[in-house]
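Novice: Have a look; sequence and predicted model below, questions after that.
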There are 2 protein chains.
Amino acid sequence: MTDKPPTLRDVAAASGVAISTASRALSRPGRINEETAVRVREAAAALGYTVGASGRALSSGKTGTVALVVPDVTNPFFFGIVRGTQAALRAAGYAHVLVDTEESVQAEERALRMLRTSADGAVLAAPRLGDEWLVAWSSALPLVTLNRPVNGAGVVIDTPGGAVQALEHLASLGHRRIAYAGGPRTSWSDSRRRTALRAAARRLRVEVVVLGHYAPQREAGAAAADAAWQSDATGVLAFNDLLAFGMLERFTARGVDVPGQMSVVGCDDVFGADLVRPALTTVAAPLERAGHRAADLLLATIDRRVPGPAGDYEELPTHLVVRDSTGPAAPR
Amino acid sequence: MTDKPPTLRDVAAASGVAISTASRALSRPGRINEETAVRVREAAAALGYTVGASGRALSSGKTGTVALVVPDVTNPFFFGIVRGTQAALRAAGYAHVLVDTEESVQAEERALRMLRTSADGAVLAAPRLGDEWLVAWSSALPLVTLNRPVNGAGVVIDTPGGAVQALEHLASLGHRRIAYAGGPRTSWSDSRRRTALRAAARRLRVEVVVLGHYAPQREAGAAAADAAWQSDATGVLAFNDLLAFGMLERFTARGVDVPGQMSVVGCDDVFGADLVRPALTTVAAPLERAGHRAADLLLATIDRRVPGPAGDYEELPTHLVVRDSTGPAAPR
DNA sequence: CGTCGGGTGGCAATCGTTTGCCAGATGTTG
DNA sequence: CAACATCTGGCAAACGATTGCCACCCGACG
């Protein structure tokens, strides 16, 4: 075990066949006489042989590797995604490389460039690259985007639907003026939610005040909370659980009672949403499933060997998890 | 961009030199006339050339890839680790493959076997494999373990030290009988903490009751909390923040006031420790730094090209973060 | 003027695997 | 028995990059 890993040549020699035969015995069931195949497989097992990825990649073009590209590994939103892709890829026997672009467009492009030669495809979670680039890249490398359809393809989590559910929830609790603390300007999902909320507001005869663009982070919560309070709303939908966490902290610091004086709804149901006090009512997003589906979709297009940016569109439903941060509207 | 990625041959042809020259121009600075090198580099840039990982790996033996092997990606403990290794590897230009063994020894071994041919080394976070196997494997593949030294090498987080700090903290608050809700039997770190706590207890003239082996998960918290309450202790150290979260929930459910009737200290300071209410006093572990150091150590041994299981031992200090879950001892 | 030596750049082997093609063996059928 | 199909297994050519070795061109030095 100390020396070099055994190669196909070693296996072939040990079982008295040619390299080509050994190769086929291991990866082309039926092509070789079963008796011979067994001999080869036994030799391989005895030697502890594993097919070398680079050799295989070089000659077959398939690397057996898929990358997950995320803008920020520390964001708990991506934990679930990682787990999902991880599970799907492992089941399919693919290796999983993780790339953190740290929100940098350049890093994203650099990653794509190197993945082109070292991976069979990539799942792009919340890519920062422009649509045109994404389209262009997808003809060089099978790509599946998450939460940002490109060319009408990709996996999308229906947060707008969830946001509407949240709005209905608040409306039914008597809230008439509800704030939406929106996300980054670049977020496709955010703009979808805005339109969905506007429409739902009309239908529910409720007023929705849309508040500026906040970073989807805890630190941005203070500003968002202040703005929400200032807006005379009795309830607020946060773009994000992280943002909601920050808002909760701020409300506590300012002595605003949640849900007594202000109801707060988050989005995603990340780790921690039921830890915070009051436990956060939030739109639960099927993160793990999203990652899993994205990887499966990618694997399918890889197998299909389609050249273009084909792929499917898949929208995953969300649902509202009611906890303790929402309650009857307070008179203001 | 639609067609095959450009190869070194294309670059060489475009700049009118031989393949070997192109190769050297790109990766062997000084070996080639600067003028020629510039020409080659320009051609490479124009073509959007990136060196193919498989070709390089095959001929040079270096894959430019390092794996992080964790037993459970969803455990927030590993988020920080992932971030650390990710950062270190990216800085060094290495690709980062993530392997989740889901607590399975077989999966861990399978991973190692395939990594042997497809990675330059691996960081093993909390490996489940036995020491002998680890030693054996480390002669086949550069390995750095995290929180479990093998052959006296590895990166270790000084949680015993932190646990003692926590004990001192509680002692100074007047606690005289303190419980330790221990972790899995297989945890090396757990047994170290037990001895450290026993010694410190003598010194501090405090009684430590060690409670069974709990799974490091939230779900195990209820049992741990009940046992702690039953033990007549006024404060409890949890193996884990996750376990502490579960205990907090249980105490709340049973109407035990924290920290009024019971002080709780966690360990690791994972995401969420300051979210939970009361905010958790906990032993902060430098997770990200640990991951970073482990990766750096690994990279160093890879470069050193040492054959054996060499490597350094590095212990990272921890510190107690005092929040709201600890307070003066209650009379019982 | 002859020789040496440093600076450049090319040839070709090599890494491990896959796979198209072919040859021999064996079996089948008219 | 001939003609043919089917199985099996080997040969050798890729795949893309690196690198040891050699050849050539120069200027420099004795």
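Specialist: That came through fine. Residues are numbered from 1 along each chain as shown, chains lettered A, B, ... in the order given.

Novice: List the contacts of the closest residue to residue A:296 other than its chain neighbours.
Specialist: The shortest distance from residue A:296 to any non-neighbouring residue, by Cβ to Cβ, 6 or more residues apart in numbering or on different chains, is to residue A:88 (5.3 Å). Using the backbone N, CA and C atoms, a C-beta is placed for each residue, glycine as well. By Cβ atoms under 8 Å, 6 or more residues apart in numbering or on different chains, the residues touching residue A:88 are A:291-293, A:295-296, A:299.

Novice: Would you mind giving the secondary structure of residue A:88?
Specialist: Of the three states, residue A:88 takes helix under DSSP: H, G, I helix; E, B strand; the rest coil.

Novice: how near is it to residue A:94?
Specialist: Remark: distance between residue A:88 and residue A:94 (Cβ to Cβ, to the nearest Å) = 8 Å.

Novice: Between the two, which contacts overlap?
Specialist: Common contact partners of residue A:88 and residue A:94 (Cβ under 8 Å, 6+ apart): residue A:299.

Novice: how about the helices in the stretch 201-332 of chain A?
Specialist: Under the criterion DSSP state H, counting those that start in this stretch, the stretch 201-332 of chain A contains helices at A:221-230, A:241-254, A:287-304.

Novice: highest average neighbour count across those helices?
Specialist: By mean neighbour count, with neighbours taken as mean count of other Cβ atoms under 10 Å in any protein chain shown, helix A:241-254 ranks first of the helices of the stretch 201-332 of chain A at a mean of 23.

Novice: what kind of secondary structure is the closest residue to DNA strand D within the stretch 101-250 of chain A in?
Specialist: Using Cβ to the nearest atom of the strand, the single residue of the stretch 101-250 of chain A nearest to DNA strand D is residue A:117, 6.5 Å away. With three-state DSSP as the basis, the three-state label of residue A:117 is helix.

Novice: how many neighbours does it have?
Specialist: Residues near residue A:117, counting by other Cβ atoms under 10 Å in any protein chain shown, number 22.

Novice: dump the residue contacts of it.
Specialist: Contacts of residue A:117 by Cβ under 8 Å, 6+ apart are B:5, B:50-54.

Novice: Which one of those residues is nearest to residue A:222?
Specialist: Nearest to residue A:222 among these: residue B:50, at 43.3 Å, using Cβ to Cβ.

Novice: and the closest one, how far is that from residue B:21?
Specialist: 18 Å.

Novice: More neighbours: the two, which one.
Specialist: The residue with more neighbours, out of residue B:50 and residue B:21, is residue B:21; 22 against 17, by other Cβ under 10 Å.

Novice: what's the helix or strand containing that one packed up against?
Specialist: Taking DSSP states H and E as the criterion, residue B:21 maps to helix B:19-27. Applying 3 or more Cβ pairs under 8 Å, 6 or more residues apart in numbering or on different chains; DSSP states H and E, one finds that helix B:19-27 makes contact with helix B:8-15, helix B:34-47.

Novice: which SS state does residue A:144 fall under?
Specialist: Residue A:144 is classified as strand under three-state DSSP.

Novice: That one - how many residues pack around it?
Specialist: 30.

Novice: check contacts around the nearest residue to it once chain neighbours are set aside.
Specialist: Spatial nearest neighbour of residue A:144, chain neighbours left out: residue A:298 (4.3 Å); criterion: Cβ to Cβ, 6+ apart. Shown in contact with residue A:298 (Cβ under 8 Å, 6+ apart): A:66, A:121-123, A:142-144.
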